[in-house]
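**Student:** based on what follows, work out the 3D shape:
(chains A and B)
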Amino acid sequence: MFDDSRGQAFTLEGLAASLVLLGALLFALQAVVVTPTTSGDVDQSSQVDLRQQADDVLLLSARSDGTDLSSLVRNWSQSQRTFAGAVNPRIGYGPKPLPGTLGVMLNRTFTQRSHFFNLEISYRPGALGNETDPIPVAYRGEPSDDAVAASYTVTLYDNQTLTAPNVSRNVELWQYDTNATNSEDGYYPIPNAVDGPIYNVVEVRIVVW
Amino acid sequence: MVTEATRQRAQMILIGAVTFAAIIIGLTVIINSYFVTQSGVVSDVSPQIDEANEFEYESRKGVRSLVVRLNHRHRNLSATDLATVISRNVTVYRELIGESYAGSRGEYVTISYVNDSSRFGSRVVQSADGNVTSDADQGEWVIGNPSETSNLGWFTMNVNLQETSDAPTWINVTNASSHWVNVSMRRTTAGSGENLRVTSNVSSAGNSSTLCDPSRDRVLLDLVDGSTFTSDCRFNATTAIAPPYRVSVSGGKNAVAKYEVVYNETVESTYYEECSSSISRTQPCRTPAVWVANVTTQFSGSELTYANEYNITVYEEAR
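**Tutor:** The predicted structure is shown next:
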């Protein structure tokens, strides 16, 4: 009689203890899943790092003395109808390395670390105010869901010239035509957005994944 | 048999389990709060700080580039007219950059030029080809105020090579410490075809000479930095000695050129007439130029909002 009571008491108390421990473990596991850094396919800290690196690359390139971002934006080839040395107008430089210090930095920061990127230029529309499609500088595929983006704004002026090789340094930006099919004066897709010395304000945008 | 000792042992198992459960739950809450706090801080605020820094840098650079272009765009504007033109163009710039930031990043940015807090200098300009002579047609003369030295922000000379003599024209620059640099220019046929021979003699560095190739029969000299805009030619110029400067010309009748000089001082009316449509373009005249531009900016994002006011020295790193 006494032995039965003792066995039942141990069984019940052991069962209660195991249920309490199991409940605590389940609570902990559920809670860990909802933390931002361990939710599975998206590593937010690495996204933040990647975005910071993209920002830094654009910033350093914009402030470099030689081939800065403004030079890249004006590196337009009249014969290729895309950027000088690019593959074609649809993908720009595509998988090829970009020219200048920006190309070196993008290669070392992203390509050599197995990241992909797209680089494109958006600009303000001309007098008619139509929305404009971005111009691809380097298109390397469809970004994944966890891609990050960074951008830098560059101002162009009327009296600047194109920087591509074999382009006349005596022709200023405002003298180019923005109509690709009727371009006797030469073709440059970014229009003169306003009157005055400013030509346009363009945004260089990079998407990294 | 259930004794008092075995009953306590069974209760110890339950109490131990409850204690372990409490520790696990407590640690979970602490670790979670650490990660949530860390990722929230980094991901939300940091990008906007970068964008604000970028806006600050680009707006300064943009306004400086804009003002230096507007200073040199017109010849016959009064200070009031120039201020109106600059305000109008800064407004255009604000709208463009504002559209760009609002469209792609959802941030609101503004830039305004404040003329009342800006400071004007003077620009002496000869806007058509002529001898480098004073407005009284003297070949030996001082540009600006002969009795004072001042900072030079801009000194360019666009030389017509065909019309320029092979006898030299000298630009003589001295400073308050009696250091000097003399730059001479003359047409020569040395090298490939006709060139401009530029020789500079610096009090502390001696003589050096270079040939500058023309572009469409012209050579555009930057006499502040000592370079040409049309070729890779470089020479010692005003920056070889410390400011402030006094600039004089000798042999000015040997050269045919257009030129512009910008000072941080007001050039008095006794030395030059104010530029107007009645003044010949081959005659030097004076017109105002903004030397320091006062600008206010505002940046508003979801995490960061600030307003700033600053002075931009237009001719420092303006080109």
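**Student:** give me the neighbour count for residue 209.
**Tutor:** Since no chain was named, I'll use chain A. 19 (other Cβ atoms under 10 Å in any protein chain shown). Quick note: C-beta positions are derived from backbone N, CA and C, even for glycine.
**Student:** try chain B instead
**Tutor:** There are 11 residues near B:Ser209, going by other Cβ under 10 Å.
**Student:** for it, helix, strand, or coil?
**Tutor:** When classified by DSSP: H, G, I helix; E, B strand; the rest coil, B:Ser209 comes out as strand.
**Student:** just give the closest residue to A:Ala180, not the sequence neighbours.
**Tutor:** In this structure, A:Ala180 finds its nearest non-sequential neighbour in A:Tyr187, 5.3 Å apart by Cβ to Cβ, 6 or more residues apart in numbering or on different chains.
**Student:** ok, the one you found to B:Gln138 distance?
**Tutor:** Taking Cβ to Cβ, to the nearest Å as the measure, A:Tyr187 falls 50 Å from B:Gln138.
**Student:** more neighbours: which of the two?
**Tutor:** A:Tyr187 (17 against 13).
**Student:** close enough to count as contact, that one and A:Thr178?
**Tutor:** Yes. Using Cβ atoms under 8 Å, A:Tyr187 and A:Thr178 qualify as a contacting pair, with a distance of 7.3 Å.
**Student:** which residues of the stretch 201-319 of chain B lie near chain A?
**Tutor:** B:Ser215, B:Arg216 (Cβ under 8 Å from any Cβ of the partner chain).
**Student:** mind listing the strands for the stretch 201-319 of chain B?
**Tutor:** Secondary structure of the stretch 201-319 of chain B by DSSP state E, counting those that start in this stretch: the strands cover B:206-212, B:218-222, B:227-228, B:245-250, B:256-263, B:285-300, B:305-313.
**Student:** would you mind finding the most buried of those?
**Tutor:** strand B:256-263 (a mean of 23; mean count of other Cβ atoms under 10 Å in any protein chain shown).
**Student:** for that one, enumerate the helices and strands it packs against.
**Tutor:** Helices and strands touching strand B:256-263, by 3 or more Cβ pairs under 8 Å, 6 or more residues apart in numbering or on different chains; DSSP states H and E, are strand B:108-131, strand B:152-160.
**Student:** just name the most buried of the ones you listed.
**Tutor:** Using mean count of other Cβ under 10 Å, the stretch among the helices and strands packed on strand B:256-263 with the greatest mean number of neighbours is strand B:152-160 (a mean of 22).
**Student:** sheet partners, orientation included, of the next helix or strand after that strand?
**Tutor:** For strand B:152-160, the following helix or strand on the C-terminal side (DSSP states H and E) is strand B:169-175. Strand B:169-175 pairs in its sheet with strand B:180-188 (antiparallel), strand B:245-250 (antiparallel), by DSSP bridges.
**Student:** need those in JSON lines with mean pLDDT, can you?
**Tutor:** Output for these, formatted as JSON lines (pLDDT from 0 to 100):
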{"stretch": "strand B:180-188", "mean pLDDT": "94"}
{"stretch": "strand B:245-250", "mean pLDDT": "90"}
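**Student:** among the ones you listed, which is nearest A:Leu21?
**Tutor:** strand B:245-250 (85.4 Å; Cβ to Cβ).
**Student:** angle of the closest one against strand B:108-131?
**Tutor:** Interaxial angle of strand B:245-250 relative to strand B:108-131 (axes from the mean of the first three to the mean of the last three Cα atoms, to 10 degrees): 30 degrees.
**Student:** can I get the CA coordinates of strand B:245-250 in CSV?
**Tutor:** Provided in CSV are the C-alpha atoms of strand B:245-250 (Å, rounded to 0.1, in the frame of the first residue of the first chain):
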residue,chain,number,x,y,z
TYR,B,245,48.9,89.2,-54.5
ARG,B,246,49.4,92.3,-56.6
VAL,B,247,49.3,91.6,-60.4
SER,B,248,50.8,93.8,-63.1
VAL,B,249,51.3,93.4,-66.8
SER,B,250,54.2,94.5,-69.0
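**Student:** relative to strand B:256-263, how tilted is it?
**Tutor:** 160 degrees.
**Student:** off-centre distance for strand B:245-250?
**Tutor:** From the chain centre to the centre of strand B:245-250 is a distance of 24 Å (Cα atoms, centre = their mean, to the nearest Å).
**Student:** which outside residues touch that strand?
**Tutor:** B:132-133, B:139-144, B:146, B:148-152, B:155, B:169-175, B:238, B:261 (Cβ atoms under 8 Å, 6 or more residues apart in numbering or on different chains).
**Student:** ChimeraX command to pick out the buried ones of the residues you listed?
**Tutor:** Entered in ChimeraX, the line below selects the buried ones among these, by 16 or more other Cβ atoms under 10 Å in any protein chain shown:
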select /B:132,133,139,141,143,144,149,150,151,152,155,169,170,171,172,173,174,175,238,261
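**Student:** check contacts around residue 100.
**Tutor:** Since no chain was named, I'll use chain A. Going by Cβ under 8 Å, 6+ apart, A:Gly100 touches A:Ser61, A:Ser64, A:Gly66, A:Thr67, A:Ser71, A:Leu72.
**Student:** I was after chain B.
**Tutor:** A:Ser122, A:Arg124, A:Thr153, A:Val201, A:Val202, A:Glu203.
**Student:** out of those, who's near chain B?
**Tutor:** Near chain B, by the rule Cβ under 8 Å from any Cβ, you find A:Ser122, A:Arg124, A:Thr153, A:Val201, A:Val202, A:Glu203 out of the contacts of B:Ser100.
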